[in-house]
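J.: Below is the sequence, then the predicted model.
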Amino acid sequence: MINPPGKEAILYEKMPDDKVKCTACARYCEVKKDQIGLCGIRGNENGKLQLYVYGKVISGHVDPIEKKPLIHYFPGSKVYSIATTGCNWLCRYCQNSDISQRRKVEGIDMSPDDVVNTAIQYGAHGIAYTYNEPSIFIEYARDCGVIARKKGLFNVFVSNGYDTPESVSMMNEFLDGITVDFKGSAEPEFTRKFIGVPDPQPIFDTLLNIRDKTKIHLEITDLIVPKVGDNLDYAKKLSKFIYDEFGPEIPIHFLRFHPDYKMMDYPSTPIETLEKHYDIARDVGLKYVYLGNVPGHKLEHTYCSECKKIVVDRYGFNIVSWNLDENNCCLFCSNPIPITGKLQKGYKEDRFQFVS
Ligand code: SF4
């Protein structure tokens, strides 16, 4: 290709014979000349790794931050959410497969300034890099994020956590929050069969790296897939890891699966299954455990860990009532609740999407 689209990547190493090794995600693809990595959007052009989707946004959408889910970080915020095509995972249930599994460079041209200005026009408080795995386009996200911070916006990732020390180090240049999204409680057989990932260990390594090397706000999610990704022993193992390494106050969300993409013949996760996962996490000692994708369920709320009263009442992604003072302490008993930032008000959905 004479004039490849995008921009030369930063996270890669040169190898003999014009090969390159990508270091953006834990697949560490070794890419020969004129070939692309598994994600479909990082390729070798004459011995240099090119990020083809730099400046190409396939989807832009204003969401409540609760949808990510990030619910202990500036609750009620609007986040301008963007994605590119491609992904480093091959999830058979992906709800965004139209974007993530597309192996083409498509979207509208948006420079980092355009992304930030659009977020500001929509009245967003921050930018979310989401819908596909953002570490595969991290150089673009970084350039957007640095400008966004200068203009008073925050940056958050919704990530599968299959990252590297190099990508975590780059996150530290601009990222404020991240939700690391486990699937099937990281049971290796599920990960291999339904995601196409040989070993979930890099996700755990990423979490420890984020803890040790950054100050990024962290929440954990776990998508519970009925029959094949709902093993309670693995849920216990994951909850114990989270408790041992991050303490009792880190939020964890168990999300309900809905049939999609190549798993249309599976049912939605039974509510009782999600409730069993909740019980396991609470028994291990985690204090802020939530169920997601179950609007109206009582375990969407934040309960004070001391007096047990509802301090943030939610319905789906909306905040219905707020019983915290200006320091995010419980109004009933003054117990501090580990929520970063004040309540932001005024979410209004705006949508645009570019699919060619
Ligand atoms: S980001 Fe893409 S090219 Fe790089 S290692 Fe991951 S899958 Fe391979």
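T.: Cool, the structure landed. Numbers count the residues shown, from 1 in each chain.

J.: Let me see the ranges of the strands in the stretch 151-300 of the chain.
T.: Per DSSP state E, counting those that start in this stretch, the stretch 151-300 of the chain carries strands over the ranges 154-159, 177-183, 217-224, 252-256, 289-292.

J.: Mind checking those strands for the one nearest to the ligand?
T.: Ranking these by their distance to the ligand (criterion: CB to the nearest ligand atom) puts strand 154-159 first, at 12.0 Å. For every residue, glycine as well, the C-beta is placed using N, CA and C.

J.: is the closest one up against the ligand anywhere?
T.: No. Strand 154-159 does not reach the ligand (CB under 6 Å from any ligand atom); its nearest approach is 12.0 Å.

J.: Partner strands of that strand and their direction?
T.: Strands flanking strand 154-159 in the sheet, each with its direction: strand 126-129 (parallel), strand 177-183 (parallel) (DSSP bridges).

J.: Please tabulate the ones you listed in TSV, including the columns mean pLDDT, distance to T340 and mean neighbour count.
T.: As requested, the strands paired with strand 154-159 are exported to TSV (pLDDT from 0 to 100; distance: least, CB to CB, whole Å; neighbours: other CB atoms under 10 Å):
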stretch	mean pLDDT	distance to T340	mean neighbour count
strand 126-129	98	12	28
strand 177-183	97	8	25
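
J.: how about a markdown table for those, with distance to the ligand added?
T.: Below are the strands paired with strand 154-159 laid out as a markdown table (distance: least, CB to the nearest ligand atom, whole Å):
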| stretch | distance to the ligand |
| --- | --- |
| strand 126-129 | 14 |
| strand 177-183 | 16 |
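
J.: got the residues of this structure near the ligand?
T.: Applying CB under 6 Å from any ligand atom, one finds that the chain approaches the ligand through C22, A24, C25, R27, Y28, C29, G37, L38, C39, R42, N88, I136.

J.: List the residues that contact the residue of the chain found nearest the ligand.
T.: Distances between the chain and the ligand by CB to the nearest ligand atom are smallest at G37, namely 2.0 Å. Contact analysis of G37 by CB atoms under 8 Å, 6 or more residues apart in numbering lists C22, R27, C29, V31, G43, N88.

J.: at 6 Å what do you get?
T.: For G37, the contacting residues are C22, C29, V31, by CB atoms under 6 Å, 6 or more residues apart in numbering.

J.: Out of the residues you listed, who's the most crowded?
T.: Highest neighbour count within the contacts of G37, by other CB atoms under 10 Å: C22, with 27 neighbours.

J.: ok, it touching Y12?
T.: Yes. C22 lies in contact with Y12 (CB atoms under 6 Å); the separation is 5.0 Å.

J.: Now do the shared contacts for the two.
T.: Residues touching both C22 and Y12 (CB under 6 Å, 6+ apart) are L49.

J.: shaky segments in this structure?
T.: By pLDDT under 70, the low-scoring segments of the chain are 1-3, 346-356.

J.: domain assignment for it?
T.: Here the domain parsing of the chain from automatic domain parsing is 7-51, 56-300.

J.: would a markdown table of those domains with distance to D325 be doable?
T.: Supplementary listing: these in a markdown table, determined by distance: least, CB to CB, whole Å:
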| stretch | distance to D325 |
| --- | --- |
| domain 7-51 | 42 |
| domain 56-300 | 14 |
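
J.: and of these, who's closest to V312?
T.: Of all those, domain 56-300 sits nearest to V312, with 6.7 Å by CB to CB.

J.: from the middle of its chain, how far away would the closest one be?
T.: Chain-centre distance of domain 56-300: 2 Å, with CA atoms, centre = their mean, to the nearest Å.

J.: Report the separation between the two terminal residues of it.
T.: 35 Å (CA to CA, to the nearest Å).

J.: Going forward, count from 657.
T.: Right, with 657 as the first residue, what we last looked at is domain 712-956.

J.: So which of the residues of the chain next to the ligand belong to helices?
T.: Taking DSSP state H, every one of the residues of the chain next to the ligand sits outside helices.

J.: buried subset of those?
T.: C678, A680, C681, R683, C685, G693, L694, C695, R698, N744, I792 (16 or more other CB atoms under 10 Å).

J.: quick revisit: now the strands of the stretch 807-956 of the chain as JSON lines including distance to K896?
T.: Output for the strands of the stretch 807-956 of the chain, formatted as JSON lines (distance: least, CB to CB, whole Å):
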{"stretch": "strand 810-815", "distance to K896": "22"}
{"stretch": "strand 833-839", "distance to K896": "13"}
{"stretch": "strand 873-880", "distance to K896": "13"}
{"stretch": "strand 908-912", "distance to K896": "12"}
{"stretch": "strand 945-948", "distance to K896": "13"}
